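K.L.:
Make a model of this:
(2 chains)
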Amino acid sequence: MTHFSALSLIKNALSGQKNWEPQWPDSEPKAEYDVIIVGAGGHGLGAAYYLAKEHGITNVAVIDKGWLGGGNTGRNTTIIRSNYLYDESAKLYDHALDLWDGLSQELNYNVMYSQRGVLMLAHNVHDVQSFQRHVHANRLNGVDNVWLSKEEAKEFCPPLDISPNARYPVVGAALQRRAGTARHDAVAWGYARGAAARGVDIIQNCPVTAIRRGPDGRVTGVETAKGFIGAKKVAVSAAGHTSVVMDTAGVRMPLESYPLQALVSEPIKPIFPCVVMSNSVHAYISQSDKGELVIGSGTDQYTSYSQRGGLPLIEHTVAAICEIFPIFNRMRMLRKWGGIVDVTPDRSAILGKTPVPGLYVNCGWGTGGFKATPGAAHTLAWTVAKDDPHPANAPFTLERFSTGRLIDEAAAAAVAH
Amino acid sequence: MLLIHCPYCNQTLPEAEFTYAGEAHIARPSDPSSVSDEEWRDFLFIRTNVKGPHYERWRHFHGCGRYFNAVRDTVSDRFLITYKTDDPRPELSKLLEKSK
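P.N.:
Got it, this is the predicted structure:
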């Protein structure tokens, strides 16, 4: 693996950029692995990376039905934050944020993590009370989050309209300064490169059709388009298709899969310095380094595997953005796309062991999985390696749906995750 | 934009008039106090989340306001049928035969 540095850049520039090595090989499956991870998104590739690096388990394969990072890792709006209400969530997402901090150095790969701040707008008394409650809860958990007056919010984000005549007047905002955005593809690529360099096989365009179990119930491997591959342990990290894969192992999941859409405008000069979310008006917006405004909101109302979604949701999203930022109402939109997100009844992830020995699951991230990527990957690797959860993911069990010990972020985080 | 047929109004109308109401034909336990935690979990939280024909409920929110059932393919988003709440659950094989 070429170590990326100023020196390697100069060296390759002088030789006409012709001598770069491929960053990872496209592997063919071996007969058996210690661990198979189903799903080569950021979470799955990251788990393989941490298994190899921190737990010394390198006989690992990451298998995907498409190309790596082609699912929700490449389809999200790249927002990273950890200002969740409950102790359990704050701990897990802040664990992820701690890992984001040093990720580019750790991977020797620029994931373009930009801590530009996430501003959540309050438009009414309910918003103010709810966000101030979040700010206080976050501070108790050591998560940075501060309350801003509308003038301070305007100073932080100049395009904001704070006049009292606005359709949805801004009365204040919560700001997490440590939050921001990252280059989503680079996260998958960086983890893939780091994992492959440590001996992990990345097998693309190879759908896993079934999980196989032995007579004792234990996992024995997976059936794929390239035949049976044996495995001592299998971890499923397949986002919207998790319940389909888990069903083949006889595990029914409390998940429903919805399309989540996003869109970008034509690229323009830098105008938007941070991420702004408005739960009440229901949309969020930031500007990418390429200059496009990146816009999103909630899921479509019906379950689907279509990776498309409907136009009414886009109309609703764009209408919300135009209400909050009238200056953008003549912007032209460049393209829109959809991903399939797996949503749990309490809107919190499921990350841990399953009733099947040797089978682990990382799913249910719903509309907010990207921000959790390093944390989910790190704790999944820990759980698989030790057959025991990491303290940060211990509450996020599958059993909580029988015991009733839910982590009910659905009510707490309103709309935009 | 989905076009949805309301079996009560007997009209095919845009998605914006309707709200989705989750999986259909899930019966509440008739004797709640005798039900185990696992059975409660299955009733409350476990869904088939099927990739393919899905039995589901919709409500004609901005119309007659009534709930009805539908079978929709979750890969193509195409409706195979919509039917009244008290109609029997249609057999999938017959629906697929008809839609060919």
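
K.L.:
Flag every residue of the stretch 201-350 of chain A that's near chain B.
P.N.:
Residues of the stretch 201-350 of chain A lying near chain B by Cβ under 8 Å from any Cβ of the partner chain: A:241, A:243-244, A:252-257, A:301-306, A:308, A:310-312, A:345. C-beta: built from backbone N, CA, C; applies to glycine.

K.L.:
tell me, what residue is most central in the chain?
P.N.:
Using chain A here. Central residue of chain A (Cα atoms, centre = their mean): residue A:370, 1.3 Å from the mean position.

K.L.:
let's do chain B instead
P.N.:
residue B:56 (1.7 Å).

K.L.:
my guess is that residue is in a strand, correct?
P.N.:
Yes: counting by DSSP: H, G, I helix; E, B strand; the rest coil, residue B:56 is part of a strand.

K.L.:
neighbours around residue A:164, how many?
P.N.:
By the criterion of other Cβ atoms under 10 Å in any protein chain shown, residue A:164 has 8 neighbours.

K.L.:
same thing with residue B:64?
P.N.:
15.

K.L.:
ok, back up a step: out of the residues of the stretch 201-350 of chain A next to chain B, which are inside strands?
P.N.:
A:256, A:257 (DSSP state E).

K.L.:
Filter the residues of the stretch 201-350 of chain A next to chain B down to just the buried residues.
P.N.:
A:241, A:243-244, A:253-257, A:301-306, A:308, A:310, A:345 (16 or more other Cβ atoms under 10 Å in any protein chain shown).

K.L.:
In helices only, show me these.
P.N.:
Counting by DSSP state H, the part of those found in helices is A:243, A:244.

K.L.:
can I assume the residue nearest to the centre of chain B is in contact with residue A:302?
P.N.:
Yes: using Cβ atoms under 8 Å, residue B:56 makes contact with residue A:302 at a distance of 7.4 Å.

K.L.:
Overlap in contacts, these two.
P.N.:
B:20, B:72 (Cβ atoms under 8 Å, 6 or more residues apart in numbering or on different chains).

K.L.:
all helices for chain B, in order.
P.N.:
Using DSSP H, helices in chain B cover B:37-44, B:92-99.

K.L.:
who touches the first one?
P.N.:
For helix B:37-44, the surrounding residues in contact (Cβ under 8 Å, 6+ apart) are A:252, A:254, A:345, A:401, A:402, A:403, A:404, B:26, B:28, B:29, B:35.

K.L.:
and with 7 Å instead?
P.N.:
A:401, A:402, B:26, B:28, B:29 (Cβ atoms under 7 Å, 6 or more residues apart in numbering or on different chains).

K.L.:
The last one too?
P.N.:
With Cβ under 7 Å, 6+ apart as the contact definition, helix B:92-99 has outside contacts at B:53, B:71, B:80, B:81.

K.L.:
I'd assumed residue B:90 was in contact with the last one.
P.N.:
Pointing back at residue B:81 there. Yes: at 5.9 Å, residue B:81 and residue B:90 qualify as touching, with contact defined as Cβ atoms under 7 Å.

K.L.:
ok, of the contacts of helix B:37-44, which come out buried?
P.N.:
Members of the contacts of helix B:37-44 classed as buried by 16+ other Cβ under 10 Å are A:401, A:402.

K.L.:
can you redo the contacts of helix B:37-44 as a markdown table with pLDDT and distance to residue A:335?
P.N.:
Output for the contacts of helix B:37-44, formatted as a markdown table (pLDDT from 0 to 100; distance: Cβ to Cβ, whole Å):
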| residue | pLDDT | distance to residue A:335 |
| --- | --- | --- |
| A:401 | 97 | 37 |
| A:402 | 96 | 43 |
| B:26 | 95 | 38 |
| B:28 | 93 | 44 |
| B:29 | 93 | 47 |
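
K.L.:
wait, which of the contacts of helix B:37-44 is closest to residue A:350?
P.N.:
Taking Cβ to Cβ as the measure, residue A:350 sits nearest to residue A:401 out of the contacts of helix B:37-44, at 8.6 Å.

K.L.:
For my notes, confirm the closest one occurs in a helix.
P.N.:
Yes: under three-state DSSP, residue A:401 sits within a helix.

K.L.:
tell me the contacts of it?
P.N.:
By Cβ under 7 Å, 6+ apart, the residues touching residue A:401 are A:254, B:41, B:45.

K.L.:
Kindly reformat those as JSON lines containing pLDDT.
P.N.:
Listed next are those as JSON lines, based on pLDDT from 0 to 100:
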{"residue": "A:254", "pLDDT": "98"}
{"residue": "B:41", "pLDDT": "96"}
{"residue": "B:45", "pLDDT": "97"}
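
K.L.:
Look through the stretch 201-350 of chain A and state the residue closest to chain B.
P.N.:
residue A:254 (3.8 Å; Cβ to the nearest Cβ).

K.L.:
That residue and residue B:45 touch, don't they?
P.N.:
Yes: if you go by Cβ under 7 Å, residue A:254 and residue B:45 touch, sitting 3.8 Å apart.

K.L.:
between these two, what contacts are shared?
P.N.:
Contact criterion Cβ under 7 Å, 6+ apart; residues shared by residue A:254 and residue B:45: A:345, A:401.

K.L.:
Please enumerate the strands of chain B.
P.N.:
Ranges of strands within chain B are B:3-6, B:11-14, B:19-23, B:53-59, B:67-73, B:79-84, based on DSSP E.

K.L.:
Ok, which of these comes nearest residue A:262?
P.N.:
Of all the strands of chain B, strand B:19-23 sits nearest to residue A:262, with 20.3 Å by Cβ to Cβ.

K.L.:
Neighbouring strands of the closest one in the sheet, and parallel or not?
P.N.:
With DSSP bridges as the test, strand B:19-23 is paired with strand B:53-59 (antiparallel).

K.L.:
host element of residue A:126?
P.N.:
helix A:125-140 (DSSP states H and E).

K.L.:
how far does that helix sit from the chain's center?
P.N.:
Distance, stretch centre to chain centre, for helix A:125-140: 24 Å (Cα atoms, centre = their mean, to the nearest Å).

K.L.:
in the helix or strand just after it, what counts as buried?
P.N.:
Per DSSP H and E, the first helix or strand lying C-terminal to helix A:125-140 is strand A:146-149. By 16+ other Cβ under 10 Å, the buried positions in strand A:146-149 come out as A:147, A:148.
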